[in-house]
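Undergrad: This is a predicted model, with the sequence first.
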Amino acid sequence: MVHDLIPLSQLASGQSARVGQLMGPPAEVHRLEELGLREGESVEMVQSGSPCIVQLAGSRLCFRQTDVFNVLVHPGDSE
């Protein structure tokens, strides 16, 4: 459901989620997808704030605040 999506930046440290939607200009969306942030992928917030660090498929990625606002997630849904 779209209404339960929140920006990735709103996850607390240690909280997991599933990527629901990527937003923004096509070039930015494509860059996020190249990094592994695709719809349905599980992520865990390692360090919230700016910059934030997320765990994704065994890798840790660091994002600026503007990047994580373009990633909408289903909080608490890591399957």
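TA: That came in fine, so what should we check first?

Undergrad: So for the helix of greatest length in the chain, what gets flagged as buried?
TA: The longest helix of the chain (DSSP state H) is helix 26-34. Residues Val29, Leu32 are the ones in helix 26-34 that count as buried (16 or more other C-beta atoms under 10 Å). Glycine gets a C-beta too; all of them are placed from N, C-alpha and C.

Undergrad: Likewise for stretch 67-78?
TA: By neighbour count on 16+ other C-beta under 10 Å, the buried set for stretch 67-78 is Asp67, Val68, Asn70, Val71, Leu72, Val73, His74, Pro75.

Undergrad: Helix or strand next in line after the longest helix of the chain, which one?
TA: strand 42-47 (DSSP states H and E).

Undergrad: can you give me the offset of that following strand from its chain's centre?
TA: 8 Å (C-alpha atoms, centre = their mean, to the nearest Å).

Undergrad: Given that strand, what are its sheet partners and their directions?
TA: Sheet pairing of strand 42-47 (DSSP bridges) gives strand 16-22 (antiparallel), strand 52-56 (antiparallel).

Undergrad: Beta-bridge partners for the nearest residue to Leu5 once chain neighbours are set aside, please?
TA: Of all residues not flanking Leu5 in the chain, Leu72 sits nearest, at 4.0 Å (C-beta to C-beta, 6 or more residues apart in numbering). When assigned by DSSP bridges, Leu72 has beta-bridge partners Pro7, Gln21.
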